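[1] got a sequence here, can you build the structure:
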Amino acid sequence: MKKQVCKINLPGIGLCALMFLFQFTIPLEYSFGQVTDDSLWPFSKIRTDINSDNELDYLGEEVTITGIANIGTGLLHEHYLQAFVQNDSTGMSIFAMQIDTPFKPGDSLVVHGKVQRYSGLAEVSADSYQVFSKASRIPAPKSLKKAIANPSEYLGMLVEGDGSIIEKGSTYNGKYLRISSGELASGTIMVYVSNFHKLYNQFNFDVLSTGDKISVKGIISEYNPEFPEARTYKLFLRTPEDLEYLDFPKYYMLLIIGGLVLITALIIGWVVVLRNQVDSKTSKIQQSLKEKEILLQEIHHRVKNSLAIVSGLIELQLDSTNSDEAKSVLQDSQTRIRSMALIHEKLYQNKSLSDITLNTYVKELVEAIHSTFTEYNEAVDLKFNLDEIELDVDRVIPCGLLINELVVNAFKHAFQKDRQGVLEVGLLKENGNIKLSVSDNGPGLPEGFDLGSENNLGSLLIDTFAKQLNAEIDIKNTEVGSKFKFTFPNN
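    Okay, here's the model as predicted:
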């Protein structure tokens with residue numbers, strides 16, 4: 001931004017001595033009074049344009065002004081004197097090609113120079129100035145809303161207020177925000193920072209977006225190279241502290257949202273990759289399990305067939321022997337083999353290769369044994385009281401063999417061909433236990449019956465299988481026969 005060069009004429013020795021006396025021997029108010037009476041120019045007179053031809057009536061006139069600085073030296077420009085002074089009603093820009101004496105906001109100034117206009121702005125090109133710091137007082141800011149409504153009345157004055165950003169941009173010599181005070185009648189104003197500003201890089205407009213609400217404090221000025229065709233009023237920010245965020249800036253909100261989106265995308269991507277890896281591994285595991293299930297089903301099927309062959313061989317042996325005792329032993333072995341074969345049949349028919357529906361298995365096993373004793377088909381009625389229970393194969397085998405021994409013994413010792421028999425089988429769940437019972441309406445157990453007797457293989461097997469199930473045994477004669485009851489854990 002090129003300014004007109006003004007030569008500074010230093011006062012003579014006598015004037016210097018006089019000003020020294022003004023500063024240190026005469027009260028400030030009295031000194032100002034003397035100057036005002038002699039030659040002080042009001043700011044409004046300097047801006048006079050009676051015929052409205054955009055030419056100042058006193059352009060080039062030597063003037064003396066006084067006022068309170070509302071900005072310090074070296075901010076708007078590091079080398080030139082570019083500052084503003086104001087009184088209660090208006091303000092004035094002052095400019096010089098060098099800074100003689102630094103001053104700060106609140107210092108009183110007496111400025112001598114010529115009236116000039118720069119890109120529409122009326123100002124005083126200072127030949128000399130004096131600084132009075134003893135009476136420093138920072139001017140109270142005026143209302144930004146009033147300044148936006150009528151900026152020409154607040155030229156050179158410090159204003160403060162809130163507004164919403166409606167535009168953000170940059171020019172060849174600076175950057176700006178255009179804000180609105182929120183009242184349609186008051187219009188808008190440009191908040192401006194020149195690239196000659198000492199703290200230019202500290203004004204971070206990048207974090208601001210249209211719609212953000214801010215609080216600003218600055219000096220109303222006028223600047224437009226196209227003057228008089230166009231007039232532009234601006235609010236010059238002095239320091240970064242003159243701009244504050246009233247709400248959380250959208251920029252930070254977008255950064256947070258963008259970060260969350262990025263993190264979410266990374267998590268989703270990671271989950272998708274992990275899911276694909278898991279699906280691939282799961283597919284391989286499922287394929288392996290399927291192959292093993294097929295293999296186990298085939299094994300159970302083959303075992304069942306092998307046991308059926310053994311049962312068939314025993315059947316042939318039964319047909320070829322005439323010994324009743326041998327036939328009885330072979331029949332007992334055959335029923336035990338069928339009991340185990342039925343378990344393997346259930347396993348390869350089930351979806352699960354580890355658990356069997358115990359109630360279905362028990363019913364089919366008892367009915368199979370019943371069909372084996374053909375002479376009792378009509379003489380014995382079967383009754384079932386079965387709860388639905390799933391049991392693992394390791395316990396189904398001893399349970400099935402136990403039932404096999406109980407039912408076979410009942411057919412051998414409890415029933416007669418000329419008397420209607422009843423065989424009741426119970427399987428109940430109760431308090432985490434399984435209660436298995438087999439009862440008949442036969443003559444009952446003989447006195448001195450010992451389940452663990454080594455003289456009776458059937459009794460010995462019953463005791464052995466009950467121990468494998470960790471079952472409590474309750475055997476007793478009833479009014480109509482005998483009852484075997486076994487209670488073992490469901491787990």
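[2] this protein: helices as residue ranges?
    With DSSP state H, the ranges of helices along the chain come out as 13-24, 28-38, 43-46, 144-149, 250-319, 324-349, 358-372, 393-413, 457-468.
[3] which residues does the shortest one contact?
    Where contact means CB atoms under 8 Å, 6 or more residues apart in numbering, the residues beyond helix 43-46 that reach it are 56, 58, 63, 65, 67, 87, 90-92, 115, 122, 124, 156. Every residue, glycine included, has its C-beta placed from N, CA and C.
[4] re earlier: would you list the helices of the chain in CSV and tack on mean neighbour count?
    Formatted as CSV, the entries for the helices of the chain read as follows, by neighbours: other CB atoms under 10 Å:
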stretch, mean neighbour count
helix 13-24, 12
helix 28-38, 13
helix 43-46, 17
helix 144-149, 20
helix 250-319, 12
helix 324-349, 18
helix 358-372, 18
helix 393-413, 21
helix 457-468, 17
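[5] show me the contacts of helix 43-46 that map onto strands.
    The subset of the contacts of helix 43-46 located in strands under the criterion DSSP state E comprises 63, 65, 67, 91, 92, 115, 122, 124.
[6] go through the helices of the chain and find the least confident stretch.
    The minimum mean pLDDT among those belongs to helix 13-24 (a mean of 40).
[7] tabulate the ones in strands among the contacts of helix 43-46 (TSV), appending neighbour count and pLDDT.
    Rendered in TSV, the data for the ones in strands among the contacts of helix 43-46 read as follows (neighbours: other CB atoms under 10 Å; pLDDT from 0 to 100):
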residue	neighbour count	pLDDT
63	20	96
65	25	96
67	22	94
91	23	96
92	28	96
115	23	96
122	21	94
124	27	97
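[8] just curious, which of those residues is nearest to residue 378?
    If you rank the ones in strands among the contacts of helix 43-46 by distance to residue 378 using CB to CB, residue 91 comes first, at 126.6 Å.
[9] which residues touch that closest one?
    Contact criterion CB under 8 Å, 6+ apart gives 43, 67, 70, 84, 85, 154, 155, 156, 157, 158, 219, 220 as the residues in contact with residue 91.
[10] run the last query once more with 10 Å
    Taking CB atoms under 10 Å, 6 or more residues apart in numbering as the definition of contact, the neighbours of residue 91 are 43, 67-68, 70, 84-85, 139, 142, 154-159, 219-221.
[11] residue 87: what's its closest spatial neighbour, skipping adjacent residues?
    Nearest-residue entry for residue 87: residue 67, 5.2 Å, with adjacent residues in sequence omitted and distances by CB to CB, 6 or more residues apart in numbering.
[12] who's that neighbour bridged to?
    Here residue 67 sits in beta bridges with residue 109, as judged by DSSP bridges.
[13] residue 92 is in contact with that one, correct?
    Yes: in this structure residue 67 lies within contact range of residue 92 using CB atoms under 10 Å: 6.5 Å.
[14] shared neighbours of these two, anything?
    Taking CB under 10 Å, 6+ apart as the contact definition, residue 67 and residue 92 share the neighbouring residues 43, 84, 85, 86, 111, 156.
[15] which of those sits closest to residue 206?
    Nearest to residue 206 among those is residue 84, at 27.7 Å by CB to CB.
[16] what about the closest one, how many neighbours?
    Residue 84 sits with 26 neighbouring residues when counted by other CB atoms under 10 Å.
[17] what's the spacing between the nearest residue to it once chain neighbours are set aside and residue 343?
    With CB to CB, 6+ apart as the measure, residue 156 is the residue that lies nearest to residue 84, at 4.6 Å, once sequence neighbours are left out. Distance of residue 156 to residue 343, given as CB to CB, to the nearest Å: 106 Å.
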